[in-house]
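Chemist: Generate coordinates for the sequence data below:
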Amino acid sequence: MTSPSTRPWLGSLSNLDLALIALAFALAATGFLLGEKIQVGDGLGWDGSLYGEWAKDFYSSVIVGRVDDYYIHRTLPSAVVHYSLRLISADLTNENVIRGFGLLNVICITASAIFWSLIANELNIHSRGKILGFVSLFINYSLLKFPSYYPVLTDVPSFAIGMAMLYSYLTTKRVSLIALIVAGSLVWPTLAYEGAILLLFPRGPDDVPVLAAPRKLNGVVAFSVAFTAAAYMIWLISFNSPGFGFGESTILLRPLGIVLCFLYLFFGLRVLLDYERLFNIAALLRRAMSPAFYVSLLFVVALNRLAYSLSSKNSEVVTLGSFITDMAFAGSSMPLVLVAHVVFFGPVIIIALFCFKPVCRLLQEYGIGLVLAVTVGFILSLNSESRRIGNFLPLIIPFLVKVVESLNWRLWHYWVFGSISIIFSKIWLKIGGAPDSQDMMSYTSQLYYMNFGPFMSVEMYAIQGIAVVIVAGLLCRFCWSPPRNLTFRSSAG
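Modeler: Numbers count the residues shown, from 1 in each chain. Below you'll find the model as predicted:
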């Protein structure tokens, strides 16, 4: 574990860092200029039609007209596009709004690459590791194909803020983390909570030993969460009809899906929470009674209330209850939710599965805040609509890269992984401009919908699932060697 760096921001970037940043910009700009575009909603898309209207008349639509207290957390990108277009005296047309969001995505992807380089330097990741992390973060459907195809969304700014939050946490830059929480609260619904956890539980001293959880309390908590989730899923499918997008075609698979969700949560949380500091009540109370904790907590509460006051004060689209219900339906609608995450984020999810235990051990070295934030992301990953957890992905990948650096990977391993990532990114696939939301299971619509768990047809799930299993069998051999040169602090202190 390294101490927080005091190096200047950009002064630490190497030639490789600059090359990767330039490559991220080139890929994003090429997609922006030449990539296939959705044609639904005059090019704005579904939710994008709403964001586009805000971008054309932000003051009347958002400030005066107010928006739902769910969508208030997605208004900042529209404000940036609106006032940027006005600044350059551009017409507020759909075409210019689409260009504005596309350019914003290019900027955010480039900024994410900068933060990746800074994080990699902070963690002392070497050259091959930097390239592996770049491929894992940027060469996937989530960032290589989806933003260029459907630009009028807030997914990419959310990812960029997640990257910046991790860098601020690692370098103990509390002021920048506060600014990111403010911005994130108006970009993506879960970003403020992710940042709040990192703010309330900052990176601690380096000399605190990592000990196992006492009396197997991690297993008790893991079982409680997994059992509660499984019981809720059983109740849902017994007395409720699936929500939008959860087709009846998968109803026979749901019992198996519930069993696998239980196992996924139980074994994942048992490893992730095997950390003594999470159960050290005395230390947690001391932290909770500190002035810094109170100030941070008051700030988070005040920010949440401010966002609520700016909204229409009702949730007509998504409530907490409907969010949990959709997550439960999405998690149980397929036998293995990880298939959806691999399809969306690429084969790095498979590597993360095989290396999960050492990754969790490394996360624990960096403090309670990081472990708790990843725990929230892990629970939310039960939702097979993978784009909802994109802001949590940056919290995992850098530490996964550190673990992979300790394996016996040769150059050809990296080439194979990169090639598989390109294939899974579907950059080569022509989706077509008009997926039909009223007929999502048709072949032409599935070219788009097969990339989002709850909307996959059984056939596309099976085809992609087989591909994931084959790739997992290959990558399993990559991770077979025990870690070397990965030193953890002794649990004996």
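Chemist: Report the separation between the residue positioned nearest the centre of the chain and residue 424.
Modeler: With distances taken as Cα atoms, centre = their mean, residue 390 lies nearest the centre of the chain, 2.0 Å away. To residue 424, residue 390 is 15 Å away according to Cβ to Cβ, to the nearest Å. Just so you know, the C-beta spots here come from the backbone N, C-alpha and C atoms, and that holds for glycine as well.
Chemist: again with residue 415
Modeler: Distance, residue 415 to residue 424, using Cβ to Cβ: 15 Å.
Chemist: Those two: which is more packed in?
Modeler: Taking neighbours as other Cβ atoms under 10 Å, residue 415 and residue 424 compare with residue 424 leading, 25 against 10.
Chemist: So the more buried one sits against residue 348, correct?
Modeler: No - counting by Cβ atoms under 8 Å, residue 348 is not a contact partner of residue 424; they are 9.5 Å apart.
Chemist: Return every residue with contacts to both of these two.
Modeler: Shared contacts of residue 424 and residue 348 (Cβ atoms under 8 Å, 6 or more residues apart in numbering): residue 140.
Chemist: Buried residues in the lengthiest helix in the chain, which are they?
Modeler: Ordering each helix of the chain by length in residues (DSSP state H) puts helix 94-122 first. Across helix 94-122, burial judged by 16 or more other Cβ atoms under 10 Å covers 94, 96-122.
Chemist: and if you look at stretch 323-340?
Modeler: For stretch 323-340, a neighbour-count test (16+ other Cβ under 10 Å) marks 323, 325-340 as buried.
Chemist: try stretch 401-416
Modeler: By neighbour count on 16+ other Cβ under 10 Å, the buried set for stretch 401-416 is 401, 402, 403, 404, 405, 406, 407, 409, 413, 414, 416.
Chemist: Mind checking which of the residues you listed are in helices?
Modeler: 401, 402, 403, 404, 405, 413, 414, 416.
Chemist: The first one and residue 132 touch, don't they?
Modeler: Yes - assessed by Cβ under 8 Å, residue 401 is found in contact with residue 132 at 5.5 Å.
Chemist: State the helix or strand in which the closest residue to residue 362 other than its chain neighbours lies.
Modeler: Excluding its sequence neighbours, the residue lying closest to residue 362 (Cβ to Cβ, 6 or more residues apart in numbering) is residue 399, at 4.7 Å. Per DSSP states H and E: residue 399 is located in helix 397-405.
Chemist: quick one, that helix and helix 94-122 angle?
Modeler: Per axes from the mean of the first three to the mean of the last three Cα atoms, to 10 degrees, the angle that helix 397-405 makes with helix 94-122 is 50 degrees.
Chemist: helices or strands next to helix 397-405 in the packing?
Modeler: Other helices and strands packing on helix 397-405, by 3 or more Cβ pairs under 8 Å, 6 or more residues apart in numbering; DSSP states H and E, are helix 94-122, helix 127-138, helix 348-354, helix 356-364.
Chemist: What average pLDDT does the first one get?
Modeler: The reference is to helix 94-122. The average pLDDT within helix 94-122 is 97.
Chemist: Could you do the last one as well?
Modeler: When pLDDT is averaged over helix 356-364, the result is 95.
Chemist: other SSEs contacting it?
Modeler: Contact partners of helix 356-364 among helices and strands, from 3+ Cβ pairs under 8 Å, 6+ apart: helix 254-272, helix 368-380, helix 397-405.
Chemist: Next, the angle helix 397-405 makes with the second one.
Modeler: The reference is to helix 368-380. Using the same axes, to 10 degrees, the inter-axis angle of helix 368-380 relative to helix 397-405 is 90 degrees.
Chemist: Give me the packing partners of helix 368-380, helices and strands only.
Modeler: On a contact count with 3+ Cβ pairs under 8 Å, 6+ apart, helix 368-380 meets helix 191-200, helix 254-272, helix 356-364.
Chemist: contacting residues around it?
Modeler: 169, 190, 193-194, 197-204, 225, 265, 268-269, 272-273, 275, 277-278, 327, 360, 363-364, 388-389, 392-393, 395-396.
Chemist: residue contacts, residue 95?
Modeler: Applying Cβ under 8 Å, 6+ apart, one finds that residue 95 lies in contact with residue 43.
Chemist: now what about the helix or strand where residue 179 lies, what contacts it?
Modeler: Following DSSP H and E, one finds residue 179 within helix 174-184. Helix 174-184 is contacted from outside by 76, 158, 161, 164-165, 168-169, 191-192, 194-196, 198-199, 202, 299-300, 303, 391, using Cβ under 8 Å, 6+ apart.
Chemist: Could you rerun that using 7 Å?
Modeler: 76, 161, 164-165, 168-169, 191-192, 195-196, 198-199, 202, 299, 303 (Cβ atoms under 7 Å, 6 or more residues apart in numbering).
Chemist: In contact with the residue nearest to the centre of the chain, which residues?
Modeler: By Cβ under 7 Å, 6+ apart, the contact set of residue 390 is 142, 155, 158, 159.
Chemist: Ok, residue 456 next?
Modeler: So residue 456 contacts 449, 450 (Cβ under 7 Å, 6+ apart).
Chemist: And residue 185, by the same measure?
Modeler: Residues near residue 185 by Cβ under 7 Å, 6+ apart: 73, 191, 192, 303, 307.
Chemist: just for the chain, where's the confidence low?
Modeler: 1-11, 206-207, 239-252, 313, 315-322, 333-335, 480-493 (pLDDT under 70).
Chemist: run the last query once more with 50
Modeler: Filtered on pLDDT under 50, the chain yields the residue ranges 243-249, 487-493.
Chemist: buried stuff in stretch 427-442?
Modeler: Of the residues in stretch 427-442, 427, 429, 431, 435, 440, 441 count as buried by neighbour count, 16+ other Cβ under 10 Å.
Chemist: So which residues of the stretch 1-150 of the chain form helices?
Modeler: For the stretch 1-150 of the chain, the helices defined by DSSP state H, counting those that start in this stretch cover 15-34, 47-56, 58, 76-87, 94-122, 127-138, 146-149.
Chemist: Minimum distance to residue 214: which of those has it?
Modeler: Nearest of the helices of the stretch 1-150 of the chain to residue 214, taken as Cβ to Cβ: helix 94-122 at 31.1 Å.
Chemist: give me the element the residue nearest to residue 40 when sequence neighbours are not counted is part of.
Modeler: Closest residue in space to residue 40, ignoring its immediate chain neighbours: residue 434 at 5.9 Å, by Cβ to Cβ, 6+ apart. Using DSSP H and E, residue 434 falls within no helix or strand.
Chemist: please begin residue numbering at 886 from this point
Modeler: Sure, I'll start counting at 886 from here, so that last one is residue 1319.
Chemist: Verify the stated contact: residue 1319 with residue 928.
Modeler: No - using Cβ atoms under 7 Å, residue 1319 is not in contact with residue 928; the gap is 10.7 Å.
Chemist: any idea how far the closest residue to residue 1053 other than its chain neighbours lies from residue 1055?
Modeler: Closest residue to residue 1053 apart from its sequence neighbours, by Cβ to Cβ, 6+ apart: residue 1062 at 4.0 Å. Distance of residue 1062 to residue 1055, given as Cβ to Cβ: 10 Å.
Chemist: So the two - more neighbours on which side?
Modeler: Neighbour tally, residue 1062 and residue 1055, criterion other Cβ under 10 Å: the higher count belongs to residue 1062, 24 against 21.
Chemist: For the more buried one, give its distance to residue 994.
Modeler: For residue 1062 relative to residue 994 (Cβ to Cβ), the value is 21 Å.
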